[in-house]
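Visitor: Sequence below, structure please.
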Amino acid sequence: MLNPNNLKDLCKGEVFLNEKMSKHTSYGIGGRVKAYIRPNSKKELKQLITLMTKNKCKVYYLGSGSNLLVNDFNIDAFIITPAKAINTLKIKDNVIYADAGVMLGKIVKESMKNNLTGLESLAGVPGTLGGALMMNAGAWGSEISNYLISVDVIDKNGVYKTLKPEDLKFEYRKSSFNSFDFIISAQFELEKSNPIDIKRKKLIASKGRIKTQPLKFRSAGSVFKNPSPKLPAGFLIDKIGLKGMKCGDAEISTHHANFFINHGKAKASDLARLIKMTRKSIYDNYGIMLELEIKTIGFNHKDLFPYD
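Guide: Numbers count the residues shown, from 1 in each chain. Coordinates of the predicted model:
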């Protein structure tokens, strides 16, 4: 059994014992975990992963926590994040090399500086590259996987692997990465373009985001995946009259029905109730069981689903 107190002796990076996850999620919600760890190098990351595997520890890999809902109670698990330490970004010609801890916004900004087109519609999408790849982040018809050359990962035994797009299956807000694989870095190939055109595309995406999303409030982005490209989840939630529904200090946004917001004092249980009630209403009326786009930690099936 791994003693969390020994981690500070083993890890030169940052180790926060008995850490509140509310400090590390965009919702500002979440109970305590055994330890929240930021390794200071890829070598140390590999050592941590093999240590966790050897001791059969429950571990979650986390980016910036921007699309995550963590339950209120204490969770018997460790969190490892690449943020801050594993964050190299290089661009040569039209190829981008980026570590998993690099913020997606920075990659978009630097690609635009180099007159590279393809990622500008992702401007304003929060999170790290690692998280963006796991969920195949996208906006305005573009997905990050469209430009992928390769991804480097470490498996649970500390073995490095390089995966090509043909080794992975990307779907709408979904990828086939093994949950035990830690994404280290990735390479992308973009196309050179007119900077005016690139800025125009970014402006369209940014204006659309400002117009349609409740950016002034704490949220985790879209809660549910769209059932189909022509049937947005937000449309269904709005049509059934759930906009503005509240549980505690959590609310289904009146600005965008697929954004569930925290007015400041919401608990994870409040948001879970909204998720469960929304799923029930949509299923009862349309026969569609909405699939979560956000990730969750510390919940069981009955917390989030209205039916078994």
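
Visitor: burial count for the nearest residue to residue 304 once chain neighbours are set aside?
Guide: Excluding the flanking residues, the one nearest residue 304 by C-beta to C-beta, 6 or more residues apart in numbering is residue 275, at 5.4 Å. Just so you know, the C-beta spots here come from the backbone N, C-alpha and C atoms, and that holds for glycine as well. The tally of other residues near residue 275 (other C-beta atoms under 10 Å) stands at 26.

Visitor: gap between residue 275 and residue 260?
Guide: Separation of residue 275 from residue 260 (C-beta to C-beta, to the nearest Å): 7 Å.

Visitor: Ok, residue 124 next?
Guide: 19 Å.

Visitor: ok, residue 176 - how many residues close by?
Guide: Neighbourhood size, residue 176 [other C-beta under 10 Å]: 11.

Visitor: and what of residue 51?
Guide: Quick note: residue 51 (other C-beta under 10 Å) scores 18 neighbours.

Visitor: If you count neighbours, what's buried in the helix or strand where it lies?
Guide: Using DSSP states H and E, residue 51 falls within helix 42-54. Buried residues in helix 42-54, counted by 16 or more other C-beta atoms under 10 Å: 42, 44, 45, 46, 48, 49, 50, 51, 52.

Visitor: Please tell me I have it right and the fifth one contacts residue 39.
Guide: Yes - between residue 48 and residue 39 there is a contact at 5.6 Å, judged by C-beta atoms under 8 Å.

Visitor: Please identify every residue contacting each of those two.
Guide: Residues touching both residue 48 and residue 39 by C-beta atoms under 8 Å, 6 or more residues apart in numbering: 11, 80.

Visitor: any idea where the helices of the stretch 51-200 of the chain begin and end?
Guide: 104-113, 129-134, 195-212 (DSSP state H, counting those that start in this stretch).

Visitor: So which of those helices is the most surrounded?
Guide: Most buried of the helices of the stretch 51-200 of the chain, by mean neighbour count (mean count of other C-beta atoms under 10 Å): helix 129-134, with a mean of 26.

Visitor: That one - contacts with which helices or strands?
Guide: On a contact count with 3 or more C-beta pairs under 8 Å, 6 or more residues apart in numbering; DSSP states H and E, helix 129-134 meets helix 104-113, strand 182-189.

Visitor: how about these, which one is nearest residue 225?
Guide: Among the helices and strands packed on helix 129-134, helix 104-113 comes nearest to residue 225, with 18.7 Å by C-beta to C-beta.

Visitor: I'd like the distance from that closest one to the chain centre, please.
Guide: In terms of C-alpha atoms, centre = their mean, to the nearest Å, the centre of helix 104-113 is found 18 Å from the chain centre.

Visitor: swap in stretch 194-204?
Guide: With C-alpha atoms, centre = their mean, you get 26 Å for stretch 194-204.

Visitor: Make residue 1 into 495 and carry on from there
Guide: I'll keep to 495 as the first residue from here, and by that count the last item is stretch 688-698.

Visitor: what's next to it, contact-wise?
Guide: Contacts for stretch 688-698 (C-beta under 8 Å, 6+ apart): 602, 606, 609, 610, 611, 614, 615, 617, 634.

Visitor: Give me the sheet partners of the one helix or strand in the chain whose mean pLDDT sits lowest and which way each runs.
Guide: Using mean pLDDT, DSSP states H and E, the weakest-scoring helix or strand in the chain turns out to be strand 632-633, at a mean of 81. Here strand 632-633 has these sheet partners by DSSP bridges: strand 636-637 (antiparallel).

Visitor: residues making contact with the partner strand?
Guide: Contacts with strand 636-637, where a contact means C-beta under 8 Å, 6+ apart, come from 612, 613, 615, 616, 630, 631, 664, 666.
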